[in-house]
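J.: Predicted structure and sequence below. I'll ask about it afterward.
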Amino acid sequence: MMSVAVMKMGLVLSTMAMLTNWMSQTLPRLVGLDQTGARPGTSEKYISVVYPGQDEGWQLFGSVSDVGGKCVCRLLAPPLNHCRTEPRYTRFRQLAEHVQNVSRYLEMFDWQTSRDLQHIRAMEQKIMGVEMRVKTALSHPHTVTEKVLQDLEQSLLECVPLRLVLARFRSEVLKVEVLKREMESVSLSLGQEQTHTYSSVQQLEQKEMQLQSRLHTCASSIGCGKLMGIGNPVTIRSFGSRFGSWMMDSMISSSDERVWWMDGYFKGKRVFEYRSLRDFTTGHNFVVHQLPHPWSGTGHVVYNGSLYYNKHQSNVIVRYHLHSRSVLTQHTLSQAAYNNTFPYSWGGSSDIDLMADESGLWAVYTTLTHGGNLVLGRLDPVTLELLQSWDTGFPKRSAGEAFIVCGSLYVTDSHLNGAKIHFIYHTESHMYEYTHIPFHNQYSHISMMDYNPREKALYAWNNGHQVIYNITLLQEVKTFSDV
Ligand SMILES: *[C@@H]1O[C@H](CO)[C@@H](O)[C@H](O)[C@H]1NC(C)=O
Ligand SMILES: *[C@@H]1O[C@H](CO)[C@@H](O)[C@H](O)[C@H]1NC(C)=O
Ligand SMILES: *[C@@H]1O[C@H](CO)[C@@H](O)[C@H](O)[C@H]1NC(C)=O
Ligand SMILES: *[C@@H]1O[C@H](CO)[C@@H](O)[C@H](O)[C@H]1NC(C)=O
């Protein structure tokens with residue numbers, strides 16, 4: 001009887017030992033974001049995980065550091081929660097849960113065992129007493145009375161529940177055997193994963209989240225990245241005709257919330273300046289600038305306190321200083337087509353589209369020698385001279401709109417319903433790519449779309465409605481420390 005209990009305890013103990021062993025030795029080897037080490041000579045933390053394999057492979061490598069209070073990061077990370085979709089992660093989660101279940105069961109089992117053991121010990125005493133009495137009765141049959149027989153019977157009856165306990169023991173022992181086999185197979189399948197290095201699922205998850213949040217902080221302070229998605233539009237106001245332009249100045253402090261609004265694309269001269277976005281929404285607190293020369297198109301931009309626009313029926317760019325209300329510079333963008341020769345798909349004399357990103361002032365246009373292909377030019381904001389230009393190879397007439405984010409030009413394929421970001425040109429690498437980034441074209445006629453790096457948002461004029469789209473940038477940031 002005792003040996004059954006002891007054997008059971010032994011099984012429990014050996015299963016637990018196996019578990020502990022597995023948790024302390026096998027698991028750490030399986031989960032491995034722990035190739036963490038400082039690069040020589042820097043305070044940088046370098047974290048690198050590469051999961052090989054075409055189908056389930058993903059990469060997460062990067063470095064994050066604070067160098068003299070400056071945020072430095074370089075990272076190529078999967079989108080947030082990528083870990084959760086990684087198949088190996090799911091398997092680990094299941095295994096971890098399974099192990100937890102088994103541990104919990106074993107704990108309960110252990111408690112039950114010690115309780116049963118006490119019961120068995122008490123029973124053992126009783127049985128020994130009965131045994132003694134039976135022996136006595138056998139050696140002195142004449143002393144056996146009715147009373148003694150009744151006593152014996154009663155004692156035997158008291159031992160009956162022991163049969164139930166023993167039966168349960170037998171089935172429990174079988175269950176332990178099953179558990180043990182299961183643990184062995186868990187260990188085995190985990191052993192097969194050992195070609196990869198991991199340290200713990202939670203650690204991996206935590207590190208990824210830390211990395212993501214550091215990266216997010218970093219990326220938003222540096223502000224650059226690749227456009228990954230465009231959020232839902234929010235209509236700020238519905239004011240003006242079908243075509244027009246509105247904007248905020250991304251170069252000045254964000255406490256200066258002024259909004260400029262320029263209705264129409266043809267011969268306009270009146271620029272409305274609102275004190276804030278809220279004032280723009282309600283139509284209060286505005287002043288009007290009367291421009292000395294009318295504009296063409298809707299490609300105007302307010303940059304660092306000046307309005308830059310295309311002078312009507314010319315390829316002259318005008319810089320109008322808003323504070324002094326005077327024209328500071330006029331400069332011809334030589335060879336640029338104008339007067340509705342190569343507009344965007346919606347027309348409207350949108351030959352020359354001025355815009356700004358984090359790195360400066362830009363013009364999108366085309367020339368006859370470029371055969372109507374989009375040309376992207378970098379302008380000096382003071383002299384308005386063309387500093388450098390890029391031939392994107394994309395036909396301007398097939399473009400709905402274009403805007404620049406972090407030195408890359410994003411081009412839509414239409415101004416109508418179903419429009420999407422279709423083409424990207426990277427000035428740094430002189431490379432282009434086709435893409436498919438959809439966005440909601442709520443009012444079905446977009447005549448202006450520009451990126452504001454300060455607000456990290458797209459401003460659009462959609463059929464007389466002024467709308468803003470938040471955008472998602474892929475946080476792929478080059479390190480400053482390379483310089
Ligand atoms: C662990 O136990 C929970 C609740 O008892 C159950 O829902 C889950 O499926 C179990 N997990 C595994 C892997 O057995
Ligand atoms: C913005 O304007 C200020 C003067 O108003 C000037 O000092 C500063 O250099 C300008 N910044 C750029 C990037 O042109
Ligand atoms: C611009 O186009 C209009 C109408 O298409 C035409 O009357 C005008 O002469 C053109 N101006 C220039 C400078 O090409
Ligand atoms: C953009 O995101 C910010 C921060 O999450 C939010 O406050 C703002 O309302 C959003 N704007 C739009 C147009 O979605």
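T.: On my side now, so go ahead. Ligands and ions are numbered 1, 2, ... in the order given.

J.: Give me the pLDDT for residue 217.
T.: On the pLDDT scale, residue 217 is placed at 58.

J.: Also the one 5 residues further on?
T.: Per-residue confidence (pLDDT) for residue 222: 52.

J.: Who are the contact partners of residue 356?
T.: For residue 356, the set of contacting residues under the criterion of CB atoms under 8 Å, 6 or more residues apart in numbering consists of 250-251, 301, 303, 362, 404, 453. From N, CA and C alone the C-beta is placed, and that goes for glycine too.

J.: now it, nearest residue through space, not along the chain?
T.: By the measure of CB to CB, 6 or more residues apart in numbering, the closest residue to residue 356 outside its immediate chain neighbours is residue 303, 4.7 Å from it.

J.: tally of neighbours for residue 275?
T.: Residue 275 has 15 neighbours, counted by other CB atoms under 10 Å.

J.: what does residue 234 give?
T.: Residue crowding around residue 234 was assessed by other CB under 10 Å; the count is 12.

J.: if I look at it, how far off is ligand 1?
T.: Residue 234 sits 42 Å away from ligand 1 when distances are taken as CB to the nearest ligand atom, to the nearest Å.

J.: Residue 371 now?
T.: With distances taken as CB to the nearest ligand atom, residue 371 is found 64 Å from ligand 1.

J.: per-residue pLDDT, that residue?
T.: Residue 371 is assigned a pLDDT of 93 by the prediction.

J.: Which strand or helix spans it?
T.: Assignment of secondary structure by DSSP states H and E places residue 371 within no helix or strand.

J.: give me phi/psi at it?
T.: Per-residue torsions, residue 371: phi 60, psi 30 (degrees, to the nearest 10).

J.: One more: residue 151?
T.: Per-residue torsions, residue 151: phi -60, psi -50 (degrees, to the nearest 10).

J.: which SS state does the closest residue to it other than its chain neighbours fall under?
T.: Spatial nearest neighbour of residue 151, chain neighbours left out: residue 133 (7.5 Å); criterion: CB to CB, 6+ apart. What DSSP: H, G, I helix; E, B strand; the rest coil gives for residue 133 is helix.

J.: which parts of stretch 272-284 are buried?
T.: For stretch 272-284, the neighbour count (16 or more other CB atoms under 10 Å) marks 272-274, 276-277, 279-280 as buried.

J.: er, stretch 290-297 actually
T.: Quick answer for stretch 290-297 (16+ other CB under 10 Å): 291, 293, 295-297.

J.: Next step: the buried residues of stretch 272-284 restricted to strands.
T.: Among the buried residues of stretch 272-284, the members falling in strands (DSSP state E) are 272-274.

J.: pretty sure residue 354 contacts residue 319?
T.: No - contact between residue 354 and residue 319 fails when scored by CB atoms under 8 Å: they sit 10.0 Å apart.

J.: shared neighbours of these two, anything?
T.: residue 308.

J.: out of those two, which sits in the busier spot?
T.: Each of residue 354 and residue 319 has its neighbours counted (other CB under 10 Å); residue 354 has more, 26 against 21.

J.: near ligand 2, which residues of the stretch 51-200 of the chain show up?
T.: Taking CB under 6 Å from any ligand atom, no part of the stretch 51-200 of the chain reaches ligand 2.

J.: And the helices in the stretch 51-200 of the chain?
T.: Secondary structure of the stretch 51-200 of the chain (DSSP state H, counting those that start in this stretch): helices at 82-85, 87-139, 146-159, 161-191.

J.: Now do the second one and helix 146-159, the angle between them.
T.: With axes from the mean of the first three to the mean of the last three CA atoms, to 10 degrees applied, the angle from helix 87-139 to helix 146-159 works out at 170 degrees.
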